[in-house]
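**Student:** for reference, the sequence and a predicted model appear below.
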Amino acid sequence: MSIRRLPEHLVNRIAAGEVVERPASALKELVENAIDAGATRIAVKIAGGGIDLIEVSDDGCGMERDEMALALERHATSKLPDEQIEAVSTLGFRGEALPSIASVSRFTLESRVRGGDGWSRIVDNGALEGEGPAALPPGTRIKVEHLFEKIPARRKFLRSARAEYAQCVDVVKRLAMARPDIAFALEHEGRRALAVQGGEDRPDRVAALTDRALLENSVGVDFEREGIRLGGVAGLPTFNRGVADHQYLFVNGRPVKDRLLAGAVRGAYADVLARDRHPVVALFLEVPADAVDVNVHPAKTEVRFRDPALVRGMIVSGLRRALDEAGHRSVQRPAMGALGMWQSEPLGAELALAPSTPAQHAVWDRRPGFITPAPMGRAEPAWAPPPETIAYPLGVARGQVAKTYIVAEAEDGLVIVDQHAAHERLVLERMKKAMAGGAVSRQALLLPEVVELDESACDRLEARIAELAEFGLELERFGPAAMLVRATPALLGAGDVKGLIADLADELAAFDQALSLKERLDHVAATMACHGSVRAGRVMSVAEMNALLREMEVTPHSGQCNHGRPTWVKLAHGDIEKLFGRK
Ligand SMILES: Nc1ncnc2c1ncn2[C@@H]1O[C@H](COP(=O)(O)OP(=O)(O)O)[C@@H](O)[C@H]1O
Ligand SMILES: [Mg+2]
């Protein structure tokens, strides 16, 4: 047996085994490089979960032509100027990311320094394929395509594009959280998944990347001891979640995954939170360079503390102290959510309602008993409304009857609206409009929800995952008999996710396999709309009722529900007079 040195391309590929485990790890290296290059804006584009394409563009320092060649060589780095790994201030230092990634993908590197010309180098699975001039603004753009295409063994270990994509989002989120001074944008298959402006302060940035409501539901952490400083944001105990995946730790600006953090957080919240609930925290630890070793993991996601007990103690005390100052504050989320349902979409411009149609009279006439039961509901003080208010076709809300119907006074009569049917219709129309515009915005669930269904229902849903995503519903298969729901269409608001998924599965069972969901838009959207709507039996405030009326007035087809029944009826003044025998 003779010993030989492996050729460079093989060495790179072996290194890639550690550095580039999956699309998200390649993405992490590229974004870190952009940060190290002093970028103020970093734009990421992903397709096929990052397996098909990862593209990272930055406006950083760029590279000269000869530097580009060097950058693709192993152990070549512009970092570590004084060769002190312990004191490294950049995210990168190993000089192996670019050659490793380029050895397992089709890799296009384009770069331009300020005042220079752009140049590009294309490397296909480790072999230089070409180079030449490139047109790009100052900075660097790197495209990674067809990751692991030539390495089936690696490819097999990847999960679904959805799952890989989720990891990519997590990578960008963590790095964006570490650097609120930099603007980040992430696009997935042409759709914007994340965008934050540069120059935000830290709590704003953390909230923008986790949950906007965190701003009102968190306390700042700022604690120092023995040269170690702990800063960041800690969610109020009442702002808790069922999973611990919204806990972020950064050590000297570097996102790290550390078991120490989870334990320390649990300790800090132990007496204010149930065991199966988890807080949202983003903690930034600044420690002296000699107190931590960052070079213990090829992907640099783990660190080793010289004194883990000290760090743990710091986190527990820092968090406890911050939480003590929160006093009586408690979660502020639900009320906001309810209002948001009315305001999440801009109003249409079309006035679609005739004030009163014969058909609606007919319905009213056929149901004379409708007004006989003793009224049960709330009445609002009957201030005389200003003239312009009463000119609304559907009038001004006066109260609610049986927690189901809105009673409004219009200029020419009394309007009664079926709140559930009307709202369902509005949601459906909003959804159709968003679909036509190609962009249904999603709302990530605070905690992904597991919905148990029978296996064939899961199969049906799984077969339609990509199509459902276009409706804003993000699903993943979760074992043989469950689906994981990550996001729902934003315009549904927080609804009954389990019911929605179960109904959709039923709806799909009734479908002809040949039909696309788009062709059955009305059915799918209606099923969703039904779940996103104000239920009969919910007490509404006057402001909510009026908002509903105003939106109905400008939404096409809002006069009928999804099953063709009227959403509102009007009793004209003349009709009221008839009831009283005055005419
Ligand atoms: N986006 C970028 N902008 C400017 N220079 C870059 C960029 N990406 C990589 N480089 C250069 O290429 C070198 C090699 O990158 P990499 O392989 O990731 O190793 P490391 O980041 O550990 O130095 C970097 O040291 C840097 O000089
Ligand atoms: Mg690097």
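**Tutor:** That came in fine, so what should we check first? Numbers count the residues shown, from 1 in each chain. Ligands and ions are numbered 1, 2, ... in the order given.
**Student:** so what pLDDT did the residue lying closest to A439 once chain neighbours are set aside get?
**Tutor:** Leaving aside its chain neighbours, A439 sits nearest to R191 (6.8 Å; criterion: C-beta to C-beta, 6 or more residues apart in numbering). All C-beta spots, glycine's among them, are computed from the backbone N, C-alpha and C. Note for R191: predicted pLDDT of 89.
**Student:** beta partners of R191?
**Tutor:** H188 (DSSP bridges).
**Student:** how close does it sit to T108?
**Tutor:** 23 Å (C-beta to C-beta, to the nearest Å).
**Student:** between these two, which one's more packed in?
**Tutor:** Remark: of R191 and T108, T108 carries more neighbours, 20 against 14, as counted by other C-beta atoms under 10 Å.
**Student:** what lies in contact with the helix or strand encompassing the more buried one?
**Tutor:** Using DSSP states H and E, T108 sits in strand 106-112. Contact partners of strand 106-112, identified using C-beta atoms under 8 Å, 6 or more residues apart in numbering, comprise 62-63, 68, 71-72, 98, 101-102, 118-125, 134, 136-146, 149.
**Student:** how near is D58 to ligand 2?
**Tutor:** 12 Å (C-beta to the ion, to the nearest Å).
**Student:** and E409, how far is that from V415?
**Tutor:** In terms of C-beta to C-beta, E409 sits 7 Å off from V415.
**Student:** what is the helix or strand following the strand holding T108 packed up against?
**Tutor:** Counting by DSSP H and E, the next helix or strand C-terminal to strand 106-112 is strand 119-124. The contact analysis (3 or more C-beta pairs under 8 Å, 6 or more residues apart in numbering; DSSP states H and E) places strand 119-124 against helix 65-71, strand 106-112, strand 127-133.
**Student:** out of these, nearest to ligand 2?
**Tutor:** Nearest to ligand 2, of all the helices and strands packed on strand 119-124, is helix 65-71, at 9.1 Å by C-beta to the ion.
**Student:** state the mean pLDDT of that closest one.
**Tutor:** On average, helix 65-71 scores 94.
**Student:** and what of stretch 488-497?
**Tutor:** Here the average pLDDT along stretch 488-497 is 75.
**Student:** verify the stated contact: the residue nearest to A439 with G437.
**Tutor:** No - R191 is not in contact with G437 according to C-beta atoms under 8 Å; the separation is 11.8 Å.
**Student:** now the residue in the chain that ligand 1 sits nearest to, what's its secondary structure?
**Tutor:** Minimum separation of the chain from ligand 1 (C-beta to the nearest ligand atom) falls at G92, amounting to 2.3 Å. What DSSP: H, G, I helix; E, B strand; the rest coil gives for G92 is coil.
**Student:** ok, it - contacts?
**Tutor:** E29, E32, N33, D36, T77, K79.
**Student:** ok, which of those residues also contact ligand 2?
**Tutor:** N33 (C-beta under 5 Å from the ion).
**Student:** top of the contacts of G92 by neighbour count?
**Tutor:** E29 (25 neighbours).
**Student:** which residue is the nearest non-sequential neighbour of the residue of the stretch 251-400 of the chain at minimum distance from ligand 2?
**Tutor:** Nearest residue of the stretch 251-400 of the chain to ligand 2: K300, at 9.0 Å (C-beta to the ion). Excluding the flanking residues, the one nearest K300 by C-beta to C-beta, 6+ apart is V294, at 6.3 Å.
**Student:** re the thing from before, now, the contacts of G92 that are in helices?
**Tutor:** E29, E32, N33, D36 (DSSP state H).
**Student:** name the nearest of the contacts of G92 relative to ligand 2.
**Tutor:** N33 (4.3 Å).
**Student:** can you pull the contacts of that closest one?
**Tutor:** So N33 contacts V56, L91, G92, A97, L98, T140, I142 (C-beta under 8 Å, 6+ apart).
**Student:** contacts for whichever strand or helix holds the first one?
**Tutor:** Counting by DSSP H and E, the element that carries V56 is strand 53-58. Contacts of strand 53-58 with the rest of the structure, by C-beta under 8 Å, 6+ apart, involve 23, 26-27, 30-31, 33-34, 37, 39, 41-47, 136, 139-145, 147, 168.
**Student:** distance from that strand to the middle of the chain?
**Tutor:** 20 Å (C-alpha atoms, centre = their mean, to the nearest Å).
**Student:** now do the strands in the stretch 101-250 of the chain.
**Tutor:** 106-112, 119-124, 127-133, 139-145, 183-188, 191-196, 218-225, 228-235, 247-251 (DSSP state E, counting those that start in this stretch).
**Student:** and ligand 2, which of those strands is closest to it?
**Tutor:** The nearest among these, by C-beta to the ion, is strand 139-145 at 10.9 Å.
**Student:** can you name the residue of this protein nearest ligand 2?
**Tutor:** Counting by C-beta to the ion, the chain gets nearest ligand 2 through G92, at 2.8 Å.
**Student:** where does that residue land on pLDDT?
**Tutor:** pLDDT, read off for G92, is 81.
**Student:** that older thread, how about a markdown table for the strands of the stretch 101-250 of the chain, with distance to E551 added?
**Tutor:** Shown next, in a markdown table, are the strands of the stretch 101-250 of the chain (distance: least, C-beta to C-beta, whole Å):
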| stretch | distance to E551 |
| --- | --- |
| strand 106-112 | 47 |
| strand 119-124 | 51 |
| strand 127-133 | 54 |
| strand 139-145 | 43 |
| strand 183-188 | 30 |
| strand 191-196 | 25 |
| strand 218-225 | 33 |
| strand 228-235 | 33 |
| strand 247-251 | 38 |
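**Student:** make CSV out of these and add distance to ligand 2.
**Tutor:** What follows is those, written out as CSV (distance: least, C-beta to the ion, whole Å):
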stretch, distance to ligand 2
strand 106-112, 13
strand 119-124, 16
strand 127-133, 20
strand 139-145, 11
strand 183-188, 17
strand 191-196, 22
strand 218-225, 30
strand 228-235, 25
strand 247-251, 18
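**Student:** so A410 sits against L571, correct?
**Tutor:** No - the pair A410 / L571 is not scored as a contact, 9.8 Å apart, by C-beta under 8 Å.
**Student:** so where's the longest strand in the chain?
**Tutor:** strand 442-452 (DSSP state E).
**Student:** hang on, the earlier thing: neighbouring strands of the strand holding T108 in the sheet, and parallel or not?
**Tutor:** strand 119-124 (antiparallel), strand 139-145 (antiparallel).
**Student:** tell me what angle that strand forms with strand 53-58.
**Tutor:** With axes from the mean of the first three to the mean of the last three C-alpha atoms, to 10 degrees defining the directions, strand 106-112 sits at 10 degrees from strand 53-58.
**Student:** on that earlier part again, quick one: least confident of the contacts of N33?
**Tutor:** G92 (81).
**Student:** low-confidence bits of the stretch 401-550 of the chain, can you list those?
**Tutor:** For the stretch 401-550 of the chain, the stretches flagged by pLDDT under 70 are 493-495, 511-516, 518-523, 531-537.
**Student:** what's the angle from the strand holding T108 to strand 127-133?
**Tutor:** 30 degrees.
**Student:** quick one: average confidence on strand 106-112?
**Tutor:** Here the average pLDDT along strand 106-112 is 97.
**Student:** same thing with stretch 14-26?
**Tutor:** 84.
**Student:** neighbouring contacts of that stretch?
**Tutor:** 6, 29, 46, 49-51, 54, 74, 94, 96-97, 99-101, 103-105, 144, 147, 154, 157-158, 164, 167-168, 170-171, 298-299.
**Student:** okay, and which of those residues map to helices?
**Tutor:** E29, A97, P99, S100, I101, R154, F157, E164, Q167, C168, D170, V171.
**Student:** and the two most separated of these?
**Tutor:** Greatest spatial distance in the ones in helices among the contacts of stretch 14-26: P99 and D170, 25.0 Å, computed using C-beta to C-beta.
**Student:** more neighbours: which of the two?
**Tutor:** P99 (25 against 16).
**Student:** export the contacts of N33 to a markdown table and append columns for distance to L453.
**Tutor:** Output for the contacts of N33, formatted as a markdown table (distance: C-beta to C-beta, whole Å):
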| residue | distance to L453 |
| --- | --- |
| V56 | 38 |
| L91 | 43 |
| G92 | 45 |
| A97 | 42 |
| L98 | 45 |
| T140 | 46 |
| I142 | 41 |
